[in-house]
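# Just to be clear, the model below is a prediction. Sequence and coordinates:
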Amino acid sequence: MNISARVENSAGRHQVTLRTGGNVQDLSIPPRSTGFGSSVNGGELLFLALATCYCNDVYREAAKRGLNVERVEVEVEGEFGAEGEPARNVTYRVRVAAQGSEAEVQELLRHTDRVAEIQNTLRAGTAVTLGRIEVVGI
């Protein structure tokens, strides 16, 4: 599965386009009040990615086990230090309403933590490479 995210930004304009395979969708994120950049920061989006991945994966893994999950709440917290420093103390909490014994639901949540792709990507320290650079005249 090929996934991409694209940001186009100029004065007063911020457009986000996400693509997974052939599925393309826009995500509404306004520009900064100063006009340039995004009104949300990358750390917030990173933590949203962690929360979203875990939430979606709880439903996916529950379906495999025949468990009915009615609601999932995920909150991710962490810290960023000086410019250029990676995040630290990243933790997340989950609250789930599901049918099944407490032991079954606990095991579902632990299993989901082990297979959540975004969590595992960060845990593995995946390389990120700057590709082609293109400078255009104004």
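Right, received. Where do you want to start?
# how much space between the residue nearest in space to the middle of the chain and Glu117?
Centroid check for the chain by CA atoms, centre = their mean gives Ala49 as the closest residue, at 0.5 Å. Here Ala49 is placed at a distance of 10 Å from Glu117 (CB to CB, to the nearest Å). Quick note: C-beta positions are derived from backbone N, CA and C, even for glycine.
# Equivalent analysis for Ile29, please.
Using CB to CB, we find Ile29 at a distance of 22 Å from Glu117.
# show me where this protein has helices.
Under the criterion DSSP state H, the chain contains helices at 42-65, 102-115, 117-124.
# Need the winner for burial among those.
Ranked by mean neighbour count, the helices of the chain are led by helix 42-65 with a mean of 16 (mean count of other CB atoms under 10 Å).
# Now do that helix: which elements does it pack against?
When contacts are defined as 3 or more CB pairs under 8 Å, 6 or more residues apart in numbering; DSSP states H and E, helix 42-65 packs onto strand 69-79, strand 88-98, helix 102-115, helix 117-124.
# what lines up beside the second one in the sheet?
Next to strand 88-98 in the sheet, as set by DSSP bridges, lie strand 69-79 (antiparallel).
# Quick check, the residue nearest to the centre of the chain in contact with Gln119.
No: shown here, Ala49 and Gln119 do not form a contact pair, counting by CB atoms under 8 Å, at 9.6 Å.
# so what's the residue nearest to Glu70 when sequence neighbours are not counted bridging to?
Leaving aside its chain neighbours, Glu70 sits nearest to Ala97 (4.6 Å; criterion: CB to CB, 6 or more residues apart in numbering). For Ala97, the beta-bridge partners are Arg71 (DSSP bridges).
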